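K.L.:
Predicted model, plus sequence, below.
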There are 2 protein chains.
Amino acid sequence: MPTRCLACPLRKKDMFAKLGREDVEAIQRFKAGEMQIEPGTAILLEGSNSPQLYTALSGLGLRYKTLPDGRRQVINLVFPGDFLGLQAGLMGKMRHSVEATTAMTLCVFDRAEFFRFFRSHTERAFDITWLAAVEEHFLGEALASLGQRSATSRMAWALLKIWHRMNGLGLCDASGRCPLPYRQQDLADALGLSLVHTNKTLAKLRERQLVSWSGGMLRLTDLRALTDLAGAEFESEIVRPLI
Amino acid sequence: MPTRCLACPLRKKDMFAKLGREDVEAIQRFKAGEMQIEPGTAILLEGSNSPQLYTALSGLGLRYKTLPDGRRQVINLVFPGDFLGLQAGLMGKMRHSVEATTAMTLCVFDRAEFFRFFRSHTERAFDITWLAAVEEHFLGEALASLGQRSATSRMAWALLKIWHRMNGLGLCDASGRCPLPYRQQDLADALGLSLVHTNKTLAKLRERQLVSWSGGMLRLTDLRALTDLAGAEFESEIVRPLI
DNA sequence: CGAGTGATTGACGCAGATCAAGCGAAGTGG
DNA sequence: CCACTTCGCTTGATCTGCGTCAATCACTCG
């Protein structure tokens, strides 16, 4: 039995903008169904013209691009509440792939319906544009990380970014541990580093007692020091719209 | 005397989507004025809450982020037809800066007006979202370049990207030369390379007779070979909306 | 128990950073 | 009109962060 939008567990969280009953019901009507997927499953494929859009309800995933020579760039991670497939919806086809890292639950929306929804719900259209702009902002930051920062600094930046997001979602426990069910290879592909160097960089952070990451759980021991290393500011997580 | 939207020289180009007279007039009403700026002038500043949005009418610029340590990452270049300030419009403040490289002419829009415009012109709202999605796509590609490609490959990719865009805008002459009024430092900051290495990489491409770039003009002598080097596909430029 | 997957560690080499110096063109002021 | 500065481009020498190669280890699973 699919989650009813009015009872959506995500919508209760502080991180997501509050909507009136009417608005939530409109989203409910837009929603075509729900989907459970296994870890490792592809959700959207680069080049595909997906007839569906999704919102991640639970679970974690990642977006990536594959280069002609087989190398992979992880564009970013997929967290609960993320809207997936906007590119295909607007540009006709996906320019990157999305896959599930853990088991995931997705809300499914119909692409044909999407246009109607966008046109008839101005506020939601606005939210969707907002999401695109935030994503653009994130990618700009990521670009600056890859272009200008050292391996250590990049890694500190990425871990902090992830941790803050997880924290915003209430996925950290009291002691500040949060789930991080990715492989080192995923992190390496996100940071533009080799697996080996990623491992060694991580080892250094561990030695310095700044980070521990094992068994799929991440703990940042010294946010201050990491933030210094990252050489960036981390604002408290913004309230986002949830479609 | 400001350009009238109905007579906008950009709108005539194939690269931009055709609009009906009504639609163009709506944009004209949205337009608050026009602005001429000198080379080197800042258009939007990171952190600022600009009361205005712009569309580049002519001239070239660049978007960049400055890191706390003073390093700079060029996010992308600004071409005629680009819409500037959407981030500030949506997120309250700019997350990167924009500055003019050459003299530029900008159409000025009022931010307060922007919300009304977005809400009352659904098709234009759609176009704006489309623009954000395309930008997101571009940044994803750029990220993959910085993360996965060698200096030579990155440079080939960037020059091709620029050339194709210029070509789409009809800014290349018959012999395939196009303007490129940037400094090597700008390119370096875009590619995440040092100035010195950028220069040497460029020198290699020149020796191999693939590229010539001097006096602010770029000529790509062998698109095929460069495309191979870049290890990417270059689709013909997409038709974009023009606000 | 063997096979597969992911983490870890050491040895080695190279792409690209950094340092340093010189060059030509354009501007500026005395 | 000529010193003098400034800015962008070039080039060489040297250093190093990170990639690549190659093993090994710890787990999990059939």
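P.N.:
Nice, I can see it.
K.L.:
Could you report the distance from A:Gln87 to B:Ala142?
P.N.:
Per CB to CB, to the nearest Å, A:Gln87 is found 15 Å from B:Ala142. Where you see a C-beta, it was placed from the backbone N, CA and C, and this is true even at glycine.
K.L.:
Just the closest residue of chain A to DNA strand C, please.
P.N.:
Nearest residue of chain A to DNA strand C: A:Gln184, at 3.5 Å (CB to the nearest atom of the strand).
K.L.:
Nearest residue to A:Phe114 in space, ignoring adjacent ones along the chain?
P.N.:
A:Gly89 (5.1 Å; CB to CB, 6 or more residues apart in numbering or on different chains).
K.L.:
A:Asp69 too?
P.N.:
Nearest non-adjacent residue to A:Asp69 (CB to CB, 6+ apart): B:Gly231, at 5.8 Å.
K.L.:
swap in A:Asp23?
P.N.:
A:Glu123 (7.1 Å).
K.L.:
That neighbour contacts A:Ala26, doesn't it?
P.N.:
No. Under the criterion of CB atoms under 8 Å, A:Glu123 makes no contact with A:Ala26, lying 9.4 Å away.
K.L.:
Between the two, which is the more surrounded one?
P.N.:
A:Ala26 (18 against 13; other CB atoms under 10 Å in any protein chain shown).
K.L.:
Can I get the worst-scoring helix or strand of chain A on mean pLDDT as PDB, trimmed to CA atoms?
P.N.:
Scoring the helices and strands of chain A by mean pLDDT, DSSP states H and E places helix A:86-91 at the bottom, with a mean of 92. What follows is helix A:86-91, C-alpha atoms only, in PDB (Å, rounded to 0.1, in the frame of the first residue of the first chain):
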ATOM      1  CA  LEU A  86      13.700  16.400 -14.300                       C
ATOM      2  CA  GLN A  87      16.300  16.500 -17.100                       C
ATOM      3  CA  ALA A  88      14.500  13.800 -19.000                       C
ATOM      4  CA  GLY A  89      11.200  15.600 -18.300                       C
ATOM      5  CA  LEU A  90      12.500  18.800 -19.700                       C
ATOM      6  CA  MET A  91      15.200  17.900 -22.200                       C
END
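K.L.:
Show the subsequent helix or strand relative to that helix.
P.N.:
The C-terminal neighbour of helix A:86-91 among helices and strands, as given by DSSP states H and E, is strand A:97-100.
K.L.:
contact partners of whichever helix or strand comes after that next one?
P.N.:
The helix or strand immediately downstream of strand A:97-100 is strand A:104-110, counting by DSSP H and E. Residues from elsewhere that reach strand A:104-110, judged by CB atoms under 8 Å, 6 or more residues apart in numbering or on different chains: A:2-3, A:30-37, A:43, A:51-61, A:84, A:117, A:243.
K.L.:
Whatever residue of chain A ends up closest to DNA strand D is in what secondary structure piece?
P.N.:
Nearest residue of chain A to DNA strand D, counting by CB to the nearest atom of the strand: A:His197, 2.9 Å away. Using DSSP H and E, A:His197 sits within helix A:195-207.
K.L.:
helices and strands around that helix, which ones?
P.N.:
helix A:151-168, helix A:184-191, strand A:211-214 (3 or more CB pairs under 8 Å, 6 or more residues apart in numbering or on different chains; DSSP states H and E).
K.L.:
Which helix runs longest in chain A?
P.N.:
In chain A, taking DSSP state H as the definition, the longest helix is helix A:122-148.
K.L.:
Need the mean per-residue confidence for that one.
P.N.:
The predicted model assigns helix A:122-148 a mean pLDDT of 97.
K.L.:
mind checking how far it is from the chain centre?
P.N.:
Offset of helix A:122-148 from its chain centre (CA atoms, centre = their mean, to the nearest Å): 12 Å.
K.L.:
so does that helix get close to DNA strand C?
P.N.:
No. On the criterion CB under 7 Å from any atom of the strand, helix A:122-148 is out of touch with DNA strand C, staying 8.6 Å away.
K.L.:
measure the residue nearest the centre of chain A to B:His121 for me?
P.N.:
For chain A, the residue sitting closest to the mean C-alpha position, by CA atoms, centre = their mean, is A:Val78 at 2.6 Å. As judged by CB to CB, A:Val78 and B:His121 stand 32 Å apart.
K.L.:
partner residues bridging A:Gln73?
P.N.:
Listed by DSSP bridges, the beta-bridge partners for A:Gln73 are A:Lys65.
K.L.:
For the closest residue in space to A:Gln185 that isn't next to it in sequence, grab the count of nearby residues.
P.N.:
Nearest residue to A:Gln185, sequence neighbours excluded (CB to CB, 6+ apart): A:Leu195, at 5.3 Å. Neighbourhood size, A:Leu195 [other CB under 10 Å]: 14.
K.L.:
A:Gln184 is in contact with A:Leu195, correct?
P.N.:
Yes. Using CB under 8 Å, A:Leu195 is in contact with A:Gln184, at 6.1 Å.
K.L.:
Residue numbers of chain A in contact with DNA strand D?
P.N.:
A:150-152, A:192-194, A:196-198, A:201.
K.L.:
which among those gets closest to chain B?
P.N.:
Distance to chain B across these (CB to the nearest CB) is lowest for A:Gly192, with 3.0 Å.
K.L.:
what sits against that closest one?
P.N.:
A:73, A:146, A:154, B:146-148.
K.L.:
Which among those count as buried?
P.N.:
A:73, A:146, A:154, B:146-148 (16 or more other CB atoms under 10 Å in any protein chain shown).
K.L.:
For these, could you give me JSON lines that also reports distance to A:Leu19?
P.N.:
Formatted as JSON lines, the buried ones among the contacts of A:Gly192 follow (distance: CB to CB, whole Å):
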{"residue": "A:Gln73", "distance to A:Leu19": "35"}
{"residue": "A:Leu146", "distance to A:Leu19": "36"}
{"residue": "A:Arg154", "distance to A:Leu19": "36"}
{"residue": "B:Leu146", "distance to A:Leu19": "38"}
{"residue": "B:Gly147", "distance to A:Leu19": "37"}
{"residue": "B:Gln148", "distance to A:Leu19": "40"}
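K.L.:
wait, isn't A:Gly140 in contact with B:Leu139?
P.N.:
Yes. With contact defined as CB under 8 Å, A:Gly140 reaches B:Leu139; the gap is 6.4 Å.
K.L.:
Give me the common contacts of these two.
P.N.:
Between them, A:Gly140 and B:Leu139 share the contacting residues B:Ile75, judged by CB under 8 Å, 6+ apart.
K.L.:
neighbour-wise, which of these two wins?
P.N.:
A:Gly140 (24 against 21).
K.L.:
Chain B versus that one, what's the distance?
P.N.:
5 Å (CB to the nearest CB, to the nearest Å).
K.L.:
A:Asp127 too?
P.N.:
A:Asp127 sits 10 Å away from chain B, going by CB to the nearest CB.
K.L.:
No further queries at this time; thank you.
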